[in-house]
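Student: Model the structure of this input:
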Amino acid sequence: SSLSGTTAVAGFVLGSKENGRKIVMANAGDSRAILAYEENGKLKVKELSEDQNPDREDERRRILSCGGRVEPLMDENGEAIGPY
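Tutor: Down below sits the predicted model:
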């Protein structure tokens, strides 16, 4: 389809608990990786990646500079839905 796209998130942990760990993340598209952890008996969340979608001005410019297009999806009545 001319409106198809790709989205993926991948990550892995390097190191050990004793020597320190490092998390390496990669993402494409409007997917987000998060890490949930407990701190002082409460569950906390840390974002590990940023969505890559045309709502971000830098991503919109990148898409357009590569010859892509950013436009709204049209519903069955011809009305635009979505941010663009």
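
Student: got the contact list for residue 63?
Tutor: With contact set as CB atoms under 8 Å, 6 or more residues apart in numbering, residue 63 has these partners: 54, 69, 70. Quick note: C-beta positions are derived from backbone N, CA and C, even for glycine.

Student: would you say residue 46 is within a strand?
Tutor: Yes. Counting by DSSP: H, G, I helix; E, B strand; the rest coil, residue 46 is found in a strand.

Student: Identify the residue nearest the geometric centre of this structure.
Tutor: The residue lying closest to the centre of the chain (CA atoms, centre = their mean) is residue 51, at 2.6 Å.

Student: Am I right that that residue is in a strand?
Tutor: No. Assessed by three-state DSSP, residue 51 does not belong to a strand; its assignment is coil.

Student: any idea how far residue 17 is from it?
Tutor: Going from residue 51 to residue 17 by CB to CB, to the nearest Å gives 30 Å.

Student: For residue 68, grab phi and psi.
Tutor: When quoted as degrees, to the nearest 10, the phi and psi of residue 68 stand at phi -80, psi -180.

Student: Which secondary structure elements does whichever strand or helix holds residue 9 sit against?
Tutor: Secondary structure from DSSP states H and E places residue 9 in strand 8-16. Contact here means 3 or more CB pairs under 8 Å, 6 or more residues apart in numbering; DSSP states H and E; on that basis strand 8-16 packs against strand 20-28.

Student: Compute the inter-axis angle for the strand it packs on and strand 8-16.
Tutor: 170 degrees (axes from the mean of the first three to the mean of the last three CA atoms, to 10 degrees).

Student: Parallel or antiparallel, which strands does the helix or strand that strand 20-28 is followed by pair with?
Tutor: The helix or strand immediately downstream of strand 20-28 is strand 34-39, counting by DSSP H and E. Using DSSP bridges, strand 34-39 pairs in its sheet with strand 42-47 (antiparallel).
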